[in-house]
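# the following block contains a protein sequence and its predicted model.
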Amino acid sequence: MIMRFIFALFIAIPILEMVVLIQVGQQIGALWTIVLVLLTAFIGINLLRYQGLSTLSRATWRMQSGQIPAQEMLEGILLAVGGALLLTPGFVTDTIGFLLLVPLTRQIFASRLMGRFKSFASANVTGGGFSAGGFSKGGFNTDMNSDQSIIDGEFEVPKKPLSEDKLE
(Lines give C-alpha, C1' and ligand atoms only; values in the text may rest on other atoms or scores of the structure.)
Protein backbone atom coordinates (compact mmCIF):
# COMPACT_ATOMS: atom_id res chain seq x y z
CA MET A 1 0.00 0.00 0.00
CA ILE A 2 2.71 2.48 1.01
CA MET A 3 4.92 1.45 -1.91
CA ARG A 4 2.07 2.11 -4.36
CA PHE A 5 1.55 5.54 -2.83
CA ILE A 6 5.26 6.38 -3.10
CA PHE A 7 5.33 5.10 -6.68
CA ALA A 8 2.31 7.26 -7.53
CA LEU A 9 4.08 10.29 -6.02
CA PHE A 10 7.17 9.64 -8.14
CA ILE A 11 4.93 9.71 -11.21
CA ALA A 12 2.55 12.53 -10.23
CA ILE A 13 5.01 15.08 -8.79
CA PRO A 14 7.20 15.44 -11.92
CA ILE A 15 4.12 15.73 -14.14
CA LEU A 16 2.65 18.35 -11.82
CA GLU A 17 5.99 20.19 -11.76
CA MET A 18 6.11 20.31 -15.57
CA VAL A 19 2.57 21.63 -15.79
CA VAL A 20 3.26 24.36 -13.21
CA LEU A 21 6.59 25.32 -14.80
CA ILE A 22 4.95 25.59 -18.24
CA GLN A 23 2.09 27.70 -16.84
CA VAL A 24 4.47 30.03 -14.96
CA GLY A 25 6.76 30.21 -18.00
CA GLN A 26 3.85 31.28 -20.20
CA GLN A 27 2.87 33.99 -17.70
CA ILE A 28 6.27 35.54 -16.87
CA GLY A 29 8.57 34.11 -19.54
CA ALA A 30 11.12 31.30 -19.57
CA LEU A 31 14.07 33.39 -18.37
CA TRP A 32 12.20 34.79 -15.35
CA THR A 33 10.94 31.30 -14.51
CA ILE A 34 14.51 30.01 -14.44
CA VAL A 35 15.60 33.00 -12.32
CA LEU A 36 12.73 32.36 -9.91
CA VAL A 37 13.62 28.66 -9.59
CA LEU A 38 17.28 29.52 -8.92
CA LEU A 39 16.26 32.22 -6.41
CA THR A 40 14.09 29.81 -4.43
CA ALA A 41 16.98 27.34 -4.34
CA PHE A 42 19.38 30.03 -3.08
CA ILE A 43 16.97 31.26 -0.39
CA GLY A 44 16.21 27.67 0.59
CA ILE A 45 19.88 26.73 1.01
CA ASN A 46 20.49 29.72 3.28
CA LEU A 47 17.37 28.96 5.30
CA LEU A 48 18.43 25.32 5.52
CA ARG A 49 21.84 26.29 6.89
CA TYR A 50 20.34 28.60 9.53
CA GLN A 51 17.63 26.14 10.60
CA GLY A 52 20.08 23.23 10.60
CA LEU A 53 22.45 25.04 12.95
CA SER A 54 19.54 26.02 15.19
CA THR A 55 18.30 22.42 15.36
CA LEU A 56 21.82 21.15 15.99
CA SER A 57 22.30 23.54 18.91
CA ARG A 58 18.97 22.46 20.45
CA ALA A 59 19.96 18.79 20.05
CA THR A 60 23.33 19.48 21.70
CA TRP A 61 21.63 21.27 24.58
CA ARG A 62 19.25 18.34 25.11
CA MET A 63 22.09 15.81 25.09
CA GLN A 64 24.09 17.87 27.57
CA SER A 65 21.07 18.02 29.86
CA GLY A 66 20.76 14.21 29.72
CA GLN A 67 17.75 14.03 27.41
CA ILE A 68 17.35 12.17 24.14
CA PRO A 69 16.98 14.68 21.27
CA ALA A 70 14.38 12.61 19.41
CA GLN A 71 12.38 15.64 18.22
CA GLU A 72 15.53 17.35 16.99
CA MET A 73 16.74 14.23 15.18
CA LEU A 74 13.43 13.93 13.38
CA GLU A 75 13.51 17.64 12.55
CA GLY A 76 17.01 17.13 11.14
CA ILE A 77 15.68 14.46 8.82
CA LEU A 78 12.84 16.75 7.77
CA LEU A 79 15.37 19.53 7.14
CA ALA A 80 17.39 17.21 4.90
CA VAL A 81 14.27 16.24 2.95
CA GLY A 82 13.24 19.91 2.69
CA GLY A 83 16.69 20.86 1.42
CA ALA A 84 16.61 18.11 -1.18
CA LEU A 85 13.18 19.25 -2.34
CA LEU A 86 14.40 22.84 -2.63
CA LEU A 87 17.30 21.77 -4.82
CA THR A 88 14.88 19.92 -7.11
CA PRO A 89 13.78 22.37 -9.83
CA GLY A 90 10.12 23.21 -9.59
CA PHE A 91 7.59 25.19 -7.63
CA VAL A 92 5.61 22.32 -6.08
CA THR A 93 8.70 20.73 -4.52
CA ASP A 94 9.93 24.19 -3.46
CA THR A 95 6.65 24.81 -1.65
CA ILE A 96 6.88 21.50 0.22
CA GLY A 97 10.58 22.13 0.92
CA PHE A 98 9.87 25.57 2.39
CA LEU A 99 7.12 24.11 4.57
CA LEU A 100 9.69 21.67 5.97
CA LEU A 101 12.21 24.46 6.59
CA VAL A 102 9.88 26.86 8.41
CA PRO A 103 10.17 26.05 12.14
CA LEU A 104 6.44 26.10 12.93
CA THR A 105 5.33 23.77 10.15
CA ARG A 106 8.39 21.53 10.56
CA GLN A 107 7.65 21.10 14.27
CA ILE A 108 4.03 20.24 13.47
CA PHE A 109 5.18 17.59 10.97
CA ALA A 110 7.74 16.27 13.46
CA SER A 111 5.20 16.10 16.30
CA ARG A 112 2.75 14.14 14.18
CA LEU A 113 5.48 11.75 13.03
CA MET A 114 6.65 11.30 16.64
CA GLY A 115 3.10 10.37 17.60
CA ARG A 116 3.03 7.75 14.86
CA PHE A 117 6.44 6.39 15.91
CA LYS A 118 5.36 6.15 19.56
CA SER A 119 2.17 4.28 18.69
CA PHE A 120 4.15 2.01 16.35
CA ALA A 121 6.74 1.33 19.07
CA SER A 122 4.14 0.61 21.73
CA ALA A 123 2.39 -1.84 19.43
CA ASN A 124 5.61 -3.66 18.52
CA VAL A 125 7.51 -3.88 21.82
CA THR A 126 6.74 -7.19 23.43
CA GLY A 127 6.05 -7.17 27.13
CA GLY A 128 5.88 -3.40 27.47
CA GLY A 129 5.33 -0.15 25.68
CA PHE A 130 7.29 2.92 24.80
CA SER A 131 6.46 6.14 26.61
CA ALA A 132 8.06 9.54 26.98
CA GLY A 133 10.15 8.25 29.88
CA GLY A 134 11.39 5.12 28.12
CA PHE A 135 10.17 1.56 28.02
CA SER A 136 7.54 0.60 30.54
CA LYS A 137 7.43 -2.48 32.75
CA GLY A 138 8.15 -5.61 30.82
CA GLY A 139 10.32 -3.77 28.32
CA PHE A 140 13.81 -2.53 29.07
CA ASN A 141 14.87 -1.93 32.63
CA THR A 142 16.48 1.48 33.14
CA ASP A 143 17.30 1.08 36.84
CA MET A 144 20.83 -0.28 36.94
CA ASN A 145 20.70 -1.24 40.64
CA SER A 146 17.62 -3.44 40.41
CA ASP A 147 19.03 -6.08 38.03
CA GLN A 148 19.48 -9.21 40.14
CA SER A 149 21.51 -11.07 37.52
CA ILE A 150 24.64 -8.92 38.01
CA ILE A 151 27.26 -10.47 40.29
CA ASP A 152 30.05 -8.29 41.58
CA GLY A 153 33.45 -9.98 41.65
CA GLU A 154 37.06 -9.94 40.57
CA PHE A 155 38.88 -11.90 37.93
CA GLU A 156 42.55 -12.71 37.56
CA VAL A 157 44.28 -14.10 34.51
CA PRO A 158 45.93 -17.39 35.56
CA LYS A 159 49.70 -17.44 35.44
CA LYS A 160 51.39 -19.70 32.94
CA PRO A 161 52.06 -23.12 34.42
CA LEU A 162 55.69 -24.02 34.96
CA SER A 163 57.04 -26.56 32.60
CA GLU A 164 57.86 -29.99 34.08
CA ASP A 165 61.64 -29.66 33.55
CA LYS A 166 61.74 -26.60 35.83
CA LEU A 167 59.99 -28.50 38.62
CA GLU A 168 62.91 -30.93 39.04
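Looks like it arrived, so ask away.
# so Val19 sits in a helix?
Yes - assessed by DSSP: H, G, I helix; E, B strand; the rest coil, Val19 belongs to a helix.
# let me know the pLDDT of it.
pLDDT recorded at Val19 is 95.
# after the host helix or strand of Gly83, next one along is what?
In the assignment (DSSP states H and E), Gly83 maps to helix 70-87. Next helix or strand after helix 70-87 toward the C-terminus (DSSP H and E): helix 91-101.
# what is that following helix packed up against?
Helix 91-101 makes packing contacts with helix 2-28, helix 30-64, helix 70-87, helix 103-124 when contacts are defined by 3 or more C-beta pairs under 8 Å, 6 or more residues apart in numbering; DSSP states H and E. Placement of C-beta: from N, CA and C, glycine included.
# pick the most deeply packed of the ones you listed.
Highest mean neighbour count of those: helix 70-87, a mean of 19 (counted as mean count of other C-beta atoms under 10 Å).
# ok, and what's touching that one?
With contact meaning C-beta atoms under 8 Å, 6 or more residues apart in numbering, helix 70-87 is reached by 40-41, 44-45, 48, 51-52, 55-56, 58-59, 62, 93-94, 96-101, 106-107, 109-111, 113-114, 117.
# pLDDT of that helix, averaged?
The average pLDDT within helix 70-87 is 89.
# between that helix and helix 30-64, how many degrees?
Orientation note: helix 70-87 sits at an angle of 170 degrees relative to helix 30-64 (axes from the mean of the first three to the mean of the last three C-alpha atoms, to 10 degrees).
# domain parsing for this protein?
Annotated domains of the chain cover 1-33, 42-123 [automatic domain parsing].
# lowest average confidence across these, which one?
Comparing mean pLDDT across those, the weakest is domain 42-123, with a mean of 86.
# distance between that one and the chain's centre?
Domain 42-123 has its average C-alpha position 7 Å from the chain's average C-alpha position, going by C-alpha atoms, centre = their mean, to the nearest Å.
# now the domains of the chain in a markdown table, with distance to Asp152?
Converted to a markdown table, the domains of the chain look like this (distance: least, C-beta to C-beta, whole Å):
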| stretch | distance to Asp152 |
| --- | --- |
| domain 1-33 | 49 |
| domain 42-123 | 26 |
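# include distance to Phe155 when you put the helices and strands packed on helix 91-101 into a markdown table, please.
Formatted as a markdown table, the helices and strands packed on helix 91-101 follow (distance: least, C-beta to C-beta, whole Å):
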| stretch | distance to Phe155 |
| --- | --- |
| helix 2-28 | 51 |
| helix 30-64 | 34 |
| helix 70-87 | 38 |
| helix 103-124 | 38 |
